[in-house]
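Participant: heads up, no residue letters with this:
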């Protein structure tokens, strides 16, 4: 996406420099043609491939037929996150989200009090946590490791400390890691 926007910016900049460095250069082209070429054709050259790539990348996150993705519930409450794992017997962790590597995971986000925002910068855009409403976000972490997540919607005086740790486990270790974290009452460090 960044490369596509850079190409579009460069094309517009070239047109600007042509008009700036050669006064009168663009006056031979009718205004209607500027609108069609500069406002429709030029962006289409870059945006159509970007949309195709975005659709392709989004489709890659869909699970294979017959394989429902892992589902995790993220519940926000001033100023903490609780993660519930219905597919793992309903166990919960506080401040620490475990996800398996290399597989899509559906995060169902909600709030118990005010509007919060669920955001893991390395994996996906933010999504709002709204009281009484469930929002869905599909993520996929490809590499095991530890990452940071946070609430980036001001939600009160304790907002600055409302972050969580994301631990991406190897797929074969995921179930055991979640059960161990829940049993030990694992909390955000």
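Facilitator: All right, it came through fine. Keep in mind that this is a model prediction, so the values were computed, not measured.
Participant: and the residue nearest to the spatial centre of the chain, what is it in contact with?
Facilitator: Compute the mean C-alpha point of the chain, and by CA atoms, centre = their mean the closest residue is residue 124, 1.6 Å away. Counting by CB atoms under 8 Å, 6 or more residues apart in numbering, residue 124 touches 137-139. In this view, the C-beta of every residue, glycine as well, is placed from N, C-alpha and C.
Participant: now the end-to-end length of stretch 59-67.
Facilitator: 15 Å (CA to CA, to the nearest Å).
Participant: ignore the last one, stretch 76-93
Facilitator: 12 Å.
Participant: What residues sit buried inside that stretch?
Facilitator: 76-85, 88, 91, 93 (16 or more other CB atoms under 10 Å).
Participant: Tell me how confident the model is about that stretch, as a mean pLDDT.
Facilitator: Averaging pLDDT along stretch 76-93 gives 91.
Participant: Equivalent analysis for stretch 129-149, please.
Facilitator: On average, stretch 129-149 scores 91.
Participant: just stretch 57-64 next, same as before
Facilitator: Mean predicted confidence for stretch 57-64 is 69.
Participant: ok, now stretch 21-29?
Facilitator: The model assigns stretch 21-29 a mean pLDDT of 80.
Participant: what sits up against it?
Facilitator: Contacts for stretch 21-29 (CB under 8 Å, 6+ apart): 15, 18-19, 34, 37.
Participant: That's all I had, so thanks and see you.
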